[in-house]
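Asker: sharing a model that was predicted from the sequence below.
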Amino acid sequence: MQPIIDIRGLCQSYESGFVALRDVDLQIRAGEIFALLGPNGAGKTTLISIVCGIVNATSGTVLADGHDIRGAWRAARSAIGLVPQEIATDSFESVWATVSFSRGLFGKPPDPKHIEKVLRELSLWDKKDARIRTLSGGMKRRVMIAKALSHEPRILFLDEPTAGVDVELRREMWGLVRGLQATGVTIILTTHYIEEAEEMAERIGIINKGRIVLVEEKSRLMRQLGKKQLTLHLQQPLQAIPAALAAYELELGADGQDLVFSFDAKQDRPRIADLLRELAALGIGFKDLQTAQSSLEDIFVNLVHQPA
């Protein structure tokens, strides 16, 4: 099945010598939610700008919905909706007018039924005649999404969609994005909120220093790279870890009440049983245990700090 976005050998450099993108290959499937993560200056915005036709790449090819962004730029751009991080729209226009105007910018004829459908799906219908300056921050973000969907794109880029909003509104936006996916829209999400990608994305790409470091299914990424910790709450505190347990590289809690064993979820399961047997042989009892798995944030930090 042909990817809806197909990026191959994409490079972007500037006269100053700065290289923003280095031989980027990335394929995004139709209908998925794809999260693109990376630290500041990693190349996320440059990559989006090239795909959306805002910036010309130095070399490489990009196909959007089967259309080359250079040779068939009008068709390619019509397939894409972009929701920028900044809320930039005419504050004195009504919601209906600004969304309808955005549709016209793509050469699409007026379609009041489609505009009504978009506004209703985004819970903006009762605000259609309101001036944008009177709306709350969350409603303004919905208007930006409505503008991006006005010309019926198959691909939607969301650049930091919940930056600066409160937790309740962030979760509301997550539900909104899932609803858009259910209608068949492919969503590419860039975010600094790691929990946002962990909550929503099906696949995750990590970009660092202009290179795609990794693209993987979220669940598989968590299994492959996620570390686990087993914490044993001891019946009696220990002054030091017995020498017989040195091979497990255990950590002792500050009060001596906890033993912590860090292990690989895939490779070290047999070692847990061995550890428990050795503890019993040494007469070290525990009253409770708990496990914790590293989050996507831990995985992200480890990857971006690896030497190039």
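Answerer: Received, thanks. Residues are numbered from 1 along each chain as shown.
Asker: this structure: strands as residue ranges?
Answerer: Secondary structure of the chain (DSSP state E): strands located at 5-13, 19-28, 33-37, 59-64, 67-68, 80-83, 155-159, 186-190, 203-208, 211-217, 227-234, 251-252, 258-264, 286-293.
Asker: pLDDT of the longest one, averaged?
Answerer: Strand 19-28 comes out with an average pLDDT of 94.
Asker: His114 is nearest to which of the strands of the chain?
Answerer: strand 80-83 (13.1 Å; Cβ to Cβ). For the C-beta atoms, the positions are set from N, CA and C on the backbone; glycine is no exception.
Asker: domains in this structure, by residue range?
Answerer: Split into domains by automatic domain parsing, the chain comes to 5-222, 227-304.
Asker: can I get these in CSV including mean neighbour count?
Answerer: What follows is these, written out as CSV (neighbours: other Cβ atoms under 10 Å):
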stretch, mean neighbour count
domain 5-222, 18
domain 227-304, 14
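Asker: could you identify which of these has the lowest mean pLDDT?
Answerer: Of all the domains of the chain, domain 227-304 has the smallest average pLDDT, which comes to a mean of 81.
Asker: any idea how far the closest residue to His151 other than its chain neighbours is from Arg74?
Answerer: In this structure, His151 finds its nearest non-sequential neighbour in Phe106, 4.0 Å apart by Cβ to Cβ, 6 or more residues apart in numbering. As judged by Cβ to Cβ, to the nearest Å, Phe106 and Arg74 stand 9 Å apart.
Asker: now swap in His114 and tell me
Answerer: Taken as Cβ to Cβ, the span from His114 to Arg74 is 20 Å.
Asker: Glu202 now?
Answerer: With the distance defined as Cβ to Cβ, Glu202 ends up 30 Å from Arg74.
Asker: again with Pro242
Answerer: Taking Cβ to Cβ, one finds Pro242 at 72 Å from Arg74.
Asker: go on, Thr46?
Answerer: Taking Cβ to Cβ, one finds Thr46 at 22 Å from Arg74.
Asker: what's the answer for Asp126, then?
Answerer: From Asp126 across to Arg74, the span is 35 Å (Cβ to Cβ).
Asker: run through the residues that contact Leu135.
Answerer: Counting by Cβ atoms under 8 Å, 6 or more residues apart in numbering, Leu135 touches Val95, Lys127, Val143.
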